[in-house]
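Q: got a predicted structure plus its sequence, pasted below:
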Amino acid sequence: MNKLFPGLFCLLFLFVFSCKSIKDPEFRKIENLQLGSIKQGKINLTADAVFFNPNKVGATLQSTDLSVFIKEIEVGKVKQGQEVEVPANSEVRLPLEADIETKDILGNLGGVLGALLKQELEVHIKGNAVVKAMGIPVPVPVNHVEKVNLNL
């Protein structure tokens, strides 16, 4: 037992001090936000979310729970069903997609008419992504607002 104790103590010491250097993964930005074509009463929204893993070990982006808002009204949920490996100390781009019901936008007709005249719409993407680092799931907050040009 006496021979085992120093080994366990060293392992515990290394584990405690190595965990202190683990940092939370970060949401960096949304790129390529676009409103696509209208099909069957829905507008397709696509974008790329950029996440950064500041750690010396890889992580896995497991899931997203993101909502799309226009004029402060939730109009859609982001679809992302794949796990994505996030290499150590690097960025990864995650493709996002959401279908927005046109009736949800038209319900706020005054805001939409103003947007049509300006030919832009303010889109807000908000929620959390879950990144698993060292076996521990970490929620990463996402909050992005951007004006998107309407290609009319």
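A: Noted; the coordinates are in hand.
Q: ok, Pro87 - contacts?
A: Residues in contact with Pro87 (C-beta atoms under 8 Å, 6 or more residues apart in numbering) are Asn53, Gly58. Any C-beta I mention is one placed from the backbone N, CA and C, and that applies to glycine too.
Q: tell me how far it lies from Lys23.
A: The spacing between Pro87 and Lys23, counted by C-beta to C-beta, to the nearest Å, is 15 Å.
Q: for Asn143, same thing?
A: In terms of C-beta to C-beta, Asn143 sits 19 Å off from Lys23.
Q: Pro137 reaches Ala129, doesn't it?
A: No - using C-beta atoms under 8 Å, Pro137 is not in contact with Ala129; the gap is 10.5 Å.
Q: of these two, which one has the most company?
A: Higher neighbour count among Pro137 and Ala129: Ala129, with 24 against 11, using other C-beta atoms under 10 Å.
Q: host element of that one?
A: Using DSSP states H and E, Ala129 maps to strand 120-133.
Q: buried ones in that strand, by neighbour count?
A: Leu121, Val123, His124, Ile125, Gly127, Asn128, Ala129, Val131, Lys132, Ala133 (16 or more other C-beta atoms under 10 Å).
Q: CA atoms only: put the helix or strand just after it into PDB for me.
A: Note on strand 120-133: by DSSP H and E, the next helix or strand toward the C-terminus is strand 136-149. Provided in PDB are the C-alpha atoms of strand 136-149 (Å, rounded to 0.1, in the frame of the first residue of the first chain):
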ATOM      1  CA  ILE A 136     -17.200  17.100 -20.000                       C
ATOM      2  CA  PRO A 137     -20.100  18.800 -21.900                       C
ATOM      3  CA  VAL A 138     -19.700  22.600 -21.900                       C
ATOM      4  CA  PRO A 139     -22.500  24.900 -23.000                       C
ATOM      5  CA  VAL A 140     -21.200  27.600 -25.300                       C
ATOM      6  CA  PRO A 141     -23.500  30.700 -25.600                       C
ATOM      7  CA  VAL A 142     -24.300  32.000 -29.100                       C
ATOM      8  CA  ASN A 143     -25.600  35.400 -29.700                       C
ATOM      9  CA  HIS A 144     -25.400  37.000 -33.100                       C
ATOM     10  CA  VAL A 145     -27.300  39.900 -34.800                       C
ATOM     11  CA  GLU A 146     -26.800  40.800 -38.500                       C
ATOM     12  CA  LYS A 147     -28.600  42.700 -41.200                       C
ATOM     13  CA  VAL A 148     -29.100  40.500 -44.200                       C
ATOM     14  CA  ASN A 149     -29.700  41.900 -47.700                       C
END
